[in-house]
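need a structure here:
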Amino acid sequence: MMHADCLGILLPDDGPDDYEWLTLGKRGHELPRLALGRVPSDGHHAPAALLALGAVERLAPPGEWLVEEAGARAVVWACTSASFIGGLGWAREQRAALEARLGVPVTSTALAFLDALDALGHERVDLLSPYPDDVTLRLVSFLREGGVGVIHDKALDCPYAADSHRADICEEVRRFAARHPDTARPLLIPDTAIDTLAVREALVREAGREVLTANQVTLWAGLRRLGGAWRPPALLGPLAER
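Residues are numbered from 1 along each chain as shown. Model prediction:
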């Protein structure tokens, strides 16, 4: 049976069992029901592995389960790296192919970043990337294709998603802000493996500017595609008003 209040989350299955997506729907936020579809992944932040992870043939089966069994009325591919790694055209083709297969609105974290920046009116950003240098360069290129310039960036060189998850992101933001104190641009923090929703306000304080994170924009974009009466909750910061 279909449920109008169900948002499907396609999530790599490479992480520990304390990812915030696994408990987000139980934390008392005013959210629709969240159904998780796990995508097989080894968690490796290497271009070839990420291209394989983002293949529609890998994403479609758990996506079909979300729609047909869990009742999702919209689906979001909650993985930044495996939605930007092939470039903007590749990301759009990934979304279009999944929409054709699933029959519901679909987006991804990488495209959600572009949508969020457009909604907030930002064309220049700084980037704190958990990925290795080669993957970070591909993200910079993806953003450029989408009309967004990266002014300052830092790669944390995490080889696996689990390494991103273990990073002390507040401390990394503090170090980045000390080196790049300009507050004119938002700071992007990609990678849905990094838990950020509960600490978003702390990240903003450490950065001294607005911060946009992977899980923040992913949830926001998913709710927009779900439509209906669902509005972004206050934990999404400025996106709650968009």
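
now the longest helix anywhere in the chain: buried residues?
The longest helix of the chain (DSSP state H) is helix 88-102. Residues 88, 90, 91, 94, 95, 97, 98, 99, 101, 102 are the ones in helix 88-102 that count as buried (16 or more other C-beta atoms under 10 Å). Heads up, the C-betas are built off the backbone N, CA and C, glycines and all.

for the third one, give me its contacts.
This means residue 91. Residue 91 makes contact with 83, 84, 108, 110, 111, 142 under the criterion C-beta atoms under 8 Å, 6 or more residues apart in numbering.

name the SS class of the first one, please.
Read that as residue 83. helix (DSSP: H, G, I helix; E, B strand; the rest coil).

kindly report the same for residue 170.
Classification of residue 170 using three-state DSSP returns helix.

which residues does it contact?
Here residue 170 is in contact with 199, 202, 203, 206 (C-beta under 8 Å, 6+ apart).

now, those that are in helices?
Among these, the members falling in helices (DSSP H) are 202, 203, 206.

got these as TSV, with pLDDT, distance to residue 9 and neighbour count columns?
Formatted as TSV, these follow (pLDDT from 0 to 100; distance: C-beta to C-beta, whole Å; neighbours: other C-beta atoms under 10 Å):
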residue	pLDDT	distance to residue 9	neighbour count
202	96	24	14
203	97	22	25
206	96	27	21
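
which one of those residues is nearest residue 187?
residue 203 (8.1 Å; C-beta to C-beta).

let me see the ranges of the helices in this protein.
According to DSSP H, the helices that the chain contains are 47-53, 56-68, 81-84, 88-102, 109-120, 133-145, 161-166, 169-179, 200-207, 214-226.

restricting to C-alpha, output the shortest one in PDB.
In other words, helix 81-84. Extracted as PDB, the C-alpha positions of helix 81-84 are listed here (Å, rounded to 0.1, in the frame of the first residue of the first chain):
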ATOM      1  CA  SER A  81      30.400  11.100  -3.900                       C
ATOM      2  CA  ALA A  82      28.500   8.500  -6.000                       C
ATOM      3  CA  SER A  83      26.200  11.300  -7.300                       C
ATOM      4  CA  PHE A  84      28.900  13.800  -8.500                       C
END
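
of the contacts of residue 170, which is the nearest to residue 214?
residue 203 (12.2 Å).

quick check: chain neighbours aside, which residue is closest to the closest one?
residue 211 (4.6 Å; C-beta to C-beta, 6 or more residues apart in numbering).

same question for residue 180.
Nearest non-adjacent residue to residue 180 (C-beta to C-beta, 6+ apart): residue 152, at 4.6 Å.

residue contacts, that neighbour?
126, 127, 179, 180, 182.

my read: the fourth one touches residue 128, true?
No. Under the contact definition of C-beta atoms under 8 Å, residue 180 does not touch residue 128, with a separation of 9.5 Å.

neighbour count for these two, which is higher?
Higher neighbour count among residue 180 and residue 128: residue 128, with 28 against 18, using other C-beta atoms under 10 Å.

how far away is the more buried one from residue 56?
Between residue 128 and residue 56 the computed distance is 30 Å (C-beta to C-beta, to the nearest Å).

before we move on, what about residue 170?
According to C-beta to C-beta, residue 170 and residue 56 sit 36 Å apart.

same deal with residue 67?
15 Å.

which regions of this protein sit below the pLDDT cut-off?
Within the chain, the stretches with pLDDT under 70 are 1-4, 15-16, 25, 27-29.

50 - rerun?
Filtered on pLDDT under 50, the chain yields the residue ranges 1-3.

just to revisit the earlier point, export the helices of the chain to JSON lines and append columns for distance to residue 17.
JSON lines is the format used below for these (distance: least, C-beta to C-beta, whole Å):
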{"stretch": "helix 47-53", "distance to residue 17": "20"}
{"stretch": "helix 56-68", "distance to residue 17": "17"}
{"stretch": "helix 81-84", "distance to residue 17": "20"}
{"stretch": "helix 88-102", "distance to residue 17": "26"}
{"stretch": "helix 109-120", "distance to residue 17": "21"}
{"stretch": "helix 133-145", "distance to residue 17": "25"}
{"stretch": "helix 161-166", "distance to residue 17": "11"}
{"stretch": "helix 169-179", "distance to residue 17": "19"}
{"stretch": "helix 200-207", "distance to residue 17": "22"}
{"stretch": "helix 214-226", "distance to residue 17": "16"}
